[in-house]
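Q: curious how this folds, go ahead:
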Amino acid sequence: MIKEKTVILGITGSIAAYKAADIASKLTQSGDKVEVVMTEPATRFISPLTLRGITGWPVVTSMWELSSEFSIEHVALAEAADIVVIAPATASIIAHLAAGMADDMLTCTVLATKAPVIIAPAMNDNMFANPITQENIEKLKARGFIFIEPAYGRLASGKTGKGRLAEIDKILGTIRKVLGRCGDMAGRKIVITAGGTREPIDPVRYIGNRSSGKMGYALAEAARDRGADVMLVTTTTCLPETTGMQVIDVATATEMKKAVTDAVKNADALVMAAAVADYRPENAATSKIKKDNAGLTLELVKTADILAETKGDFIKVGFAAESENLINNAKKKLKGKDLDLIIANDITDKDSGFGADTNKVTIIDKNGKVEELPLMSKREVADRVLNRVVGLIG
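A: Presented below is the predicted three-dimensional model:
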């Protein structure tokens, strides 16, 4: 499980400074201690009072501020940091760091810390592309600094180009990936599947199910945050793009089976959270089937049983979405597919069914031990499942 971390959030004088409030808020909501260091130009774009209200901690803006313990502030911050994140970062702050210049509180803190440093640039596209800026970025990368590439889009100047601050989810995902390096799944390769497969009837229609992919994505993010090398095999979903893991996009059960077979080589665990269609049309039409007065008959054949057919020396975890006889049906799947764990949930429960943000599951192991969990968020469920996986891996 992720423990509280101390994040030093550096904010510089970019129009994107207002977005740092969202970063601070989400980190604080996750239970992290966020201490903000602002350059003087940054305070022209967003008030330190705003950041203090969000984080609950004083915001450092001056070289001459002292902590309550009368330590030099930049040294105290540098030593307390689990990670330093500069978002947004201007060309100026990147140049000063590349030159080893410590002329404000933020650069002093960065140069004094041994914690990993993440930099998310935000600036005019020409400034970002300038050879001097790129040379400074390469210098810092060579020294171990981690950069998050800016996004392409509309800039403050009204132009369109590469220079926008990266999406907040991407920044947060990178932070979690870096903080997880020493987690209890560090060095482990975990394959996770998500979403519902789509078996084509014709180029327009398909046989599918109501899986949102939320449980699989929660598992993938939780494993990433604990240091795992995650491979996420996923169908099309409406969920935000993930960061800090390898994503393999598939559509059908056949495609998922091939992707899983390739992915589990040297894996420590396979967690099959995807809802795979049990049947597919024997022959999909190559052109759109036109509606007429006659009915439509489809010949269906079984799809591959991916969990049962995937063999190897790794932990296998399955999910059982049931509408009746929950425990008995789950135990049959556990035994029939030779699983180490199965996670059963009642899809008739509106708080635990497809598309919900919460889940109420029962974990059953191969010895028949049953653990019923209360209703909780899918991320909390993911961590409870991964606790069991960590115990099985040893």
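
Q: three-state assignment of Thr261?
A: helix (DSSP: H, G, I helix; E, B strand; the rest coil).

Q: and the one 5 residues further on, by the same measure?
A: Secondary structure assignment for Asn266 (three-state DSSP): coil.

Q: just give the nearest non-adjacent residue to it, would you?
A: The spatially closest residue to Asn266, leaving aside those adjacent along the chain, is Lys189, at 6.1 Å (CB to CB, 6 or more residues apart in numbering). Placement of C-beta: from N, CA and C, glycine included.

Q: got it, and Ala87?
A: In space, Ala87 is closest to Ala120, 3.9 Å off (CB to CB, 6+ apart).

Q: do a quick rundown of the helices in the stretch 201-350 of the chain.
A: Listed from the start of the chain, the stretch 201-350 of the chain has helices (DSSP state H, counting those that start in this stretch) covering 214-225, 253-263, 306-309, 326-336.

Q: against Val250, how distant is the residue lying closest to Ile201 once chain neighbours are set aside?
A: The spatially closest residue to Ile201, leaving aside those adjacent along the chain, is Pro281, at 5.4 Å (CB to CB, 6+ apart). Relative to Val250, Pro281 is positioned 18 Å away (CB to CB, to the nearest Å).

Q: for the stretch 51-200 of the chain, give me the ranges with low pLDDT.
A: Within the stretch 51-200 of the chain, the stretches with pLDDT under 70 are 64-74.

Q: OK, contacts around the residue nearest to Ala87?
A: The contact partners of Ala120, by CB atoms under 8 Å, 6 or more residues apart in numbering, come to 85-89, 147-148, 150, 165-166, 171.

Q: check contacts around Leu140.
A: By CB under 8 Å, 6+ apart, the contact list for Leu140 reads 94, 97-98, 119, 147.

Q: C-alpha coordinates for the helix or strand containing it, CSV please?
A: Following DSSP states H and E, one finds Leu140 within helix 131-142. Written as CSV, here are the backbone C-alpha positions of helix 131-142 (Å, rounded to 0.1, in the frame of the first residue of the first chain):
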residue,chain,number,x,y,z
PRO,A,131,18.2,24.5,-29.3
ILE,A,132,19.4,26.1,-26.1
THR,A,133,16.3,24.9,-24.2
GLN,A,134,16.6,21.4,-25.7
GLU,A,135,20.3,21.3,-24.7
ASN,A,136,19.5,22.3,-21.2
ILE,A,137,16.8,19.6,-21.0
GLU,A,138,19.3,17.0,-22.2
LYS,A,139,21.8,18.1,-19.6
LEU,A,140,19.3,17.7,-16.8
LYS,A,141,18.1,14.3,-18.2
ALA,A,142,21.7,13.1,-18.1
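
Q: quick check: buried residues in it?
A: Of the residues in helix 131-142, those buried by neighbour count under the rule 16 or more other CB atoms under 10 Å are 133, 136-137, 139-140.

Q: per-residue pLDDT of the most centrally placed residue in the chain, please?
A: Most central residue of the chain, judged by C-alpha distance to the mean C-alpha position with CA atoms, centre = their mean, is Glu221 at 4.0 Å. In this prediction, Glu221 carries a pLDDT score of 97.

Q: separation between the residue lying closest to it once chain neighbours are set aside and Ala166?
A: What sits nearest to Glu221 in space, not counting adjacent residues and going by CB to CB, 6+ apart, is Thr242, at 6.7 Å. In this view, Thr242 and Ala166 are 14 Å apart by CB to CB.

Q: more crowded one of these two?
A: Neighbours of Thr242 and Ala166, each counted by other CB atoms under 10 Å, are more numerous for Ala166; the result is 22 against 19.

Q: contacting residues for Asn359?
A: For Asn359, the contact set (CB under 8 Å, 6+ apart) comprises 215, 345, 352, 375-378, 381.

Q: ok, of those residues, which come out buried?
A: In the contacts of Asn359, burial by neighbour count holds for 215, 345, 352, 378, 381, counting by 16+ other CB under 10 Å.
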